[in-house]
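Participant: kindly return the folded structure for what I paste below:
(one chain, ligands or ions: 1)
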Amino acid sequence: MSYQAIVIGAGISGAVMAEQMASKLGWKVLVLEQREYLGGNCFDHLDEEGVLIHKYGPHLFHTDKQRVWDYLSQFTEWRPYEHRVLSQIDGQLLPIPFNLTSIRKSFAAPVAEAMIQVLQERFGEGARVPILQLRQEQDPLLQQLAEFIYQRAFVNYTSKQWGVGPEAISPAVTARVPVVVSEDDRYFTDPWQAVPLHGYTAMISNMLSHPGIDLQLSSPMHTRVQLDWNARQILLDEQPFEGPLIYCGMIDQLLPDSAVVLPYRSLRFEHKHLKQKWFQPATTVNYPNEHAYTRITEFKHITGQDHTGTSITYEYPCDYKPEQGLEPYYPIFTELAQQQYQQCVAQLHQFPQIVALGRLAEYRYFDMDDAVDNALEKFSVLRLRFSV
Ligand SMILES: O=c1ccn([C@@H]2O[C@H](COP(=O)(O)OP(=O)(O)O[C@H]3O[C@@H]([C@H](O)CO)[C@H](O)[C@H]3O)[C@@H](O)[C@H]2O)c(=O)[nH]1
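Facilitator: All right, here's what the predicted structure looks like:
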């Protein structure tokens, strides 16, 4: 069969792009996925006891983008789901993001109420304030509050997660979990929050089921596709391939001779099934200060599945070591890494027909909705460049 485009990687970004090229342009698209299953890190599946779990940690879909919601809704029905997280701090389980309830549970009543009053006056009811911003405040009560939250909820969690403290990483990272000036205990505030009714794998499988898409699993890129850097040519099964190559893998791995090695933080997951109905009172409980793991997730809270047992996952952050079978999860945003990433981009300019797409190829910390939005955007650019 001859193809008009190749997509490397059947995760959510590659699936959007393949689906759009097949359905909007009528192209024949070859999708090569190195794993034996599709879905990338959104992959979910029934574990040995029949509980639906997320193999690569909790994936909670949320978006404020109507077009992303409308687009995905073509491929799945939804189960409404608003994520809530508790954090074990000083022996108590407190809502995180840290909110007014968390403050009341952490301080004696007069102090808590005084802090809340200052917070409300300073930021307004409902505000969501990044912890690093709250730390800059001059008011002594706000300073006391910020220091408490910073020390108890952020410093150790972030050190485990990233291997460095909160001030050594981009402020955008801790700003994902602000301090909330209300009793709202939801992790996200987006207007659309839900999980695919039959899971992410089913949704992405529907996206890739277009007759114009030829999905080949257990097919690492190198078994079919080569880059000839001298001739600046893409080869598919050793034949020159003219069409676009959408690459969703690690961008540094495209370069010859490992010219650049980009740093990543990784996660080791420990999945367990327990012969009890429930394990914990919320989907995710964070452990900032105890244990080597950062959090435990219990999936039945997400899926609503009725099962006599329950399945949970512990997350242990660690350095990315491929030789230990670890996956690259989080790009590390040092200045050096950004320079190295730009070197990769510059080298790839030799192949204008390659489109780098998604978290690993663009070295970005995408939420799922941003990955979909980005893929839709990249498709509209590609459509102008490549279609006749
Ligand atoms: O208790 C905490 C929580 C977080 N931090 C710091 O904030 C960073 C961002 O946290 P988060 O957005 O939760 O990071 P992550 O990429 O792991 O988020 C994914 O997990 C789920 C959900 O959070 C599960 O509960 C979400 O859908 C995904 O986006 C974190 O890296 C820490 O530096 C903290 O210090 N303490």
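Participant: residues in contact with the spatially closest residue to Glu147 that is not a sequence neighbour?
Facilitator: Distance criterion Cβ to Cβ, 6 or more residues apart in numbering; nearest residue to Glu147, sequence neighbours excluded, is Arg135 at 7.3 Å. Where you see a C-beta, it was placed from the backbone N, CA and C, and this is true even at glycine. Applying Cβ atoms under 8 Å, 6 or more residues apart in numbering, we find Arg135 in contact with 143, 146-147, 150.
Participant: same question for Ile302.
Facilitator: 54, 58, 60, 81, 195, 283.
Participant: and the fifth one, its phi and psi?
Facilitator: It stands for Val195. phi -120, psi 150 (degrees, to the nearest 10).
Participant: what's near enough to touch it?
Facilitator: Per Cβ under 8 Å, 6+ apart, neighbours of Val195: 59-61, 78-79, 81, 302-303.
Participant: same thing but at 10 Å, please
Facilitator: By Cβ atoms under 10 Å, 6 or more residues apart in numbering, Val195 lies in contact with 44, 52, 54, 58-62, 76, 78-81, 83, 203, 302-304.
Participant: near the ligand, from those?
Facilitator: Contacts with the ligand are made by 58, 60 out of the contacts of Val195, judged by Cβ under 6 Å from any ligand atom.
Participant: which of the contacts of Val195 are buried?
Facilitator: Buried members of these, scored by 16 or more other Cβ atoms under 10 Å, are 44, 52, 54, 58-62, 76, 78, 81, 83, 203, 302-303.
Participant: how about those, which pair is most distant?
Facilitator: Spatially, the most separated pair among the buried ones among the contacts of Val195 is Leu52 and His62, at 18.9 Å (Cβ to Cβ).
Participant: how near is Leu215 to Gln253?
Facilitator: Counting by Cβ to Cβ, to the nearest Å, the gap from Leu215 to Gln253 is 21 Å.
Participant: with Tyr314 instead?
Facilitator: Counting by Cβ to Cβ - Tyr314 and Gln253 are separated by 29 Å.
Participant: is Ile246 in a helix, a strand, or coil?
Facilitator: Under DSSP: H, G, I helix; E, B strand; the rest coil, Ile246 falls in the strand class.
Participant: what is the burial count for it?
Facilitator: Residues near Ile246, counting by other Cβ atoms under 10 Å, number 29.
Participant: pretty sure it sits against Val381.
Facilitator: No. Counting by Cβ atoms under 10 Å, Val381 is not a contact partner of Ile246; they are 11.8 Å apart.
Participant: what sits in contact with each of those two?
Facilitator: When contacts are counted by Cβ under 10 Å, 6+ apart, Ile246 and Val381 have Val355 as shared neighbours.
Participant: buried ones in stretch 114-127, by neighbour count?
Facilitator: For stretch 114-127, a neighbour-count test (16+ other Cβ under 10 Å) marks 115-116, 118-119, 123 as buried.
Participant: now do it, average pLDDT.
Facilitator: Averaged over stretch 114-127, pLDDT sits at 98.
Participant: what do you get for stretch 13-24?
Facilitator: Throughout stretch 13-24, pLDDT has a mean value of 98.
Participant: now stretch 238-246
Facilitator: Across stretch 238-246, the average pLDDT comes to 96.
Participant: how about it as CSV, C-alpha atoms only?
Facilitator: Output of stretch 238-246 as CSV, limited to C-alpha atoms (Å, rounded to 0.1, in the frame of the first residue of the first chain):
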residue,chain,number,x,y,z
GLU,A,238,14.2,1.6,2.0
GLN,A,239,12.3,3.6,-0.6
PRO,A,240,12.2,7.4,-0.7
PHE,A,241,9.2,8.7,1.0
GLU,A,242,8.0,12.2,0.0
GLY,A,243,5.1,12.9,2.3
PRO,A,244,5.2,14.3,5.8
LEU,A,245,6.5,12.3,8.7
ILE,A,246,4.8,13.2,11.9
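Participant: off-centre distance for it?
Facilitator: 29 Å (Cα atoms, centre = their mean, to the nearest Å).
Participant: now do the buried residues in it.
Facilitator: Quick answer for stretch 238-246 (16+ other Cβ under 10 Å): 241, 243-246.
Participant: how many neighbouring residues does Tyr200 have?
Facilitator: Counted with other Cβ under 10 Å, Tyr200 comes out at 25.
Participant: what about the strands in the stretch 151-300 of the chain?
Facilitator: Under the criterion DSSP state E, counting those that start in this stretch, the stretch 151-300 of the chain contains strands at 179-180, 192-196, 213-216, 225-228, 233-236, 239-241, 245-247, 264-274, 284-286, 295-298.
Participant: and the residue nearest to Arg265 when sequence neighbours are not counted, backbone torsions?
Facilitator: Closest residue to Arg265 apart from its sequence neighbours, by Cβ to Cβ, 6+ apart: Tyr330 at 4.2 Å. For Tyr330, the backbone dihedrals (degrees, to the nearest 10) come out as phi -110, psi 120.
Participant: among the contacts of Arg135, which ones are buried?
Facilitator: Neighbour-count burial (16+ other Cβ under 10 Å) applied to the contacts of Arg135 gives 146, 150.
Participant: no more questions from me, cheers.
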